[in-house]
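Peer 1: below are the sequence and a predicted model for it; my questions follow.
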Amino acid sequence: MREMISMVVVLTVLSAFSGGMLAAVRTGTKDRIENQVLKFQKAPAIKQILQEVSNDPLQDRFKLMDSDNELTFFVGKMGDKPNAVIFETFGKGYGGDIGVMTGINIESDKIIGIAVTTHSETPGLGSRAKDDPSFASQFAGLGVDENIAIKNNGGPIDIVSGATITSAGVSNAAQKAQEIYRRLKPEIEKQTSQMAN
Amino acid sequence: MAQSMVKEFTKGLWAEVPPFRLVLGLCPVLAVTKTVENGIGMGIATTFVLVCSNLLVSMLRNVIPPKVRIACYIVIIATFVTIVELVMQAFAYPLFLKLGIFIPLIVVNCIVLGRSEAFASKNPPHMAIADGLGMGIGFTLSLTVLSAVREILGTGTLLGNPVFGPNFQPFTFMVEAPGAFVCLGLLLCMMNLIGKK
């Protein structure tokens, strides 16, 4: 009995101590990690989508709630007006979630471009959805209420050959972005108009 | 005392160097040694976990009940691995992206658990630190040597800097998985040859 109690006590104390320590380290590194993710993961994708902006979209960002999820919107100014928003959505790929940044022009309601941020797809097959610009460029110029499914699902998008599931995942993520944009448009416009000055 | 500490430290550097002499912890050894940068990063991360977990296990060696000792070791090791993961995300994000899954996998690295079980649980803290440090540095050096051979032959660079002239044809076999096995085997063979004399 004594042995049993000591086992329970030691394991409980040890686990509680570990939990406390990890919580402390997590709080201490949280802001830095967020910055690093912005710098190394989101920034290249944003740059790929918005080539000619007069501001720094990483600085001009705001957060909105979409039901339970908090989304970060990056604002791009083309010609001194804040007329582009970029945000990240996720779609199911072959090896896990694929993160996709979608840039939308809020004046014309058209997609400016998309770019893959994170994925764990097969190198050389699914990974081409990120590396091959001709796949992502098919989304550019399509409206937010247009069909952007892949051809296998009755849409206009050509898949990356050999990577149907990856292509569908990217397309799904972009479709989610369309939905979110349509849903949150009034709020997005409110936020961007404040940045006009 | 100081002498025995030196002995525990140096045995990890040559006589019992983990990947070559004990042939332990081969999963990260083979997987991440494509470039020297990855090898050193992985080695430092493992060394940190080894030293910290050895110290804590050794300090708690009279408290931990024998029947749940493995569970206690895993809790301790997993805590330090998570700390490494968070710190690496905050301060060396590109390296974190490259090492990916192999950082969390340090938890089940048999060198770390092996040193806790075989050494730290039976020796006082200062000896456990010497042992952890020696094993960790030995592990780091092994990874560095292995990754240097693979990077130089496989991509013709060292830490990203070209070492051969522009006419060098990279021996890509070396950076792929079979190349890792062959290279490890040859190094092992060389170490045995030197040790015999």
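Peer 2: Arrived safely, thanks for sending. Residues are numbered from 1 along each chain as shown, chains lettered A, B, ... in the order given.
Peer 1: quick one: the longest helix seen in chain A to chain centroid distance?
Peer 2: For chain A, the helix with the greatest residue count under DSSP state H is helix A:2-37. When C-alpha coordinates are averaged (Cα atoms, centre = their mean, to the nearest Å), helix A:2-37 and its chain have centres 30 Å apart.
Peer 1: right, and the helix or strand after it?
Peer 2: helix A:43-49 (DSSP states H and E).
Peer 1: give the contact list for B:L159.
Peer 2: B:T35, B:V36, B:E37, B:E151 (Cβ atoms under 8 Å, 6 or more residues apart in numbering or on different chains). C-beta: built from backbone N, CA, C; applies to glycine.
Peer 1: re earlier: what packs against the longest helix of chain A?
Peer 2: Helix A:2-37 sits against helix B:69-91, helix B:93-99, with contacts defined as 3 or more Cβ pairs under 8 Å, 6 or more residues apart in numbering or on different chains; DSSP states H and E.
Peer 1: confidence score at B:L56?
Peer 2: We note a pLDDT of 93 for B:L56 in this prediction.
Peer 1: quick one on the thing from earlier: can you pick out the most distant pair from the contacts of B:L159?
Peer 2: Using Cβ to Cβ, the pair of the contacts of B:L159 lying farthest apart is B:E37 and B:E151, separated by 8.7 Å.
Peer 1: okay, the two: which has more neighbours?
Peer 2: B:E151 (25 against 19; other Cβ atoms under 10 Å in any protein chain shown).
Peer 1: residues in contact with the more buried one?
Peer 2: B:K34, B:T35, B:V36, B:T157, B:L158, B:L159, B:V175.
Peer 1: what's the burial count for B:M59?
Peer 2: Neighbour number of B:M59 under other Cβ under 10 Å is 13.
Peer 1: meant to ask about B:L99
Peer 2: B:L99 has 23 nearby residues by other Cβ under 10 Å.
Peer 1: my guess is it contacts B:V32. True?
Peer 2: Yes. Counting by Cβ atoms under 8 Å, B:L99 does reach B:V32; the two are 6.0 Å apart.
Peer 1: which residues are common contacts for these two?
Peer 2: B:N38, B:M42.
Peer 1: any idea of the mean pLDDT in stretch A:165-178?
Peer 2: The model assigns stretch A:165-178 a mean pLDDT of 90.
Peer 1: follow-up on the earlier one: quick check: angle from the longest helix of chain A to helix B:69-91?
Peer 2: 10 degrees (axes from the mean of the first three to the mean of the last three Cα atoms, to 10 degrees).
Peer 1: mind listing what's buried in helix A:2-37?
Peer 2: The neighbour-count check on helix A:2-37 (16 or more other Cβ atoms under 10 Å in any protein chain shown) flags A:M7, A:V10, A:L11, A:L14, A:S18, A:L22, A:V25, A:T29, A:I33, A:Q36 as buried.
Peer 1: give me the distance from the longest helix along chain B to the chain's centre.
Peer 2: Counting by DSSP H, the longest helix found in chain B is helix B:125-155. Relative to its parent chain, helix B:125-155 has a centroid offset of 5 Å by Cα atoms, centre = their mean.
Peer 1: for it, buried residues please.
Peer 2: B:125, B:127-155.
Peer 1: what residues sit buried inside the helix or strand hosting A:A174?
Peer 2: Using DSSP H and E, A:A174 falls within helix A:164-194. For helix A:164-194, the neighbour count (16+ other Cβ under 10 Å) marks A:164-178, A:180-181, A:184, A:188, A:191-192 as buried.
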